[in-house]
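S.K.: Give me a 3D structure for the following:
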Amino acid sequence: MFVGKVIGSVWATKKRPELEGLKFLVVKPLNLNAEPGSDVVVVADRIGAGVGENVICSYGKAGRIAVDDEKMPIEAAVIAIVDKFEIDKKYIDGIVKKDLSPAKGKK
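M.R.: Reported below is the predicted structural model:
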């Protein structure tokens with residue numbers, strides 16, 4: 001799963017029949033600074049997310065389950081629209097190593 005920002009929509013007039021009625025969004029995964037990264041992912045959406053919203057997306061089988069069809073030919077889907085999230089600033093720009101490494105002299 002990943003958190004991302006919806007930055008656009010995709011329309012396709014010719015597509016597989018099982019994709020009819022399914023909305024597609026362009027999502028930029030967020031980095032730890034809560035800023036969009038450089039990559040984008042096209043995701044299926046059945047919950048009604050819109051441009052500018054932060055969403056949680058799921059890949060693979062979990063994404064297909066989210067659109068109620070494990071055989072759907074999609075790779076990712078929106079599973080939630082985010083109301084709010086927080087990231088502890090001490091873990092941005094290099095995780096604080098002393099918090100994660102074992103204390104010296106202890107095994």
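S.K.: Provide the partner residues of residue 24 in its beta bridges.
M.R.: Residues in a beta bridge with residue 24, per DSSP bridges, are residue 10, residue 44.
S.K.: next one: residue 4
M.R.: On the basis of DSSP bridges, residue 4 is bridged to residue 29, residue 55.
S.K.: Would you state the helices of the protein in chain order?
M.R.: With helices called from DSSP state H, the chain shows them at 60-66, 97-100.
S.K.: show me what contacts residue 39?
M.R.: Contact analysis of residue 39 by Cβ atoms under 8 Å, 6 or more residues apart in numbering lists 28-29. Where C-beta positions appear, they are placed from N, C-alpha and C, glycine not excepted.
S.K.: same check, this time on residue 4
M.R.: Residue 4 makes contact with 27-30, 36, 41, 54-55, 57, according to Cβ under 8 Å, 6+ apart.
S.K.: Could you rerun that using 6 Å?
M.R.: Contacts for residue 4 (Cβ atoms under 6 Å, 6 or more residues apart in numbering) come out as 27-30, 55, 57.
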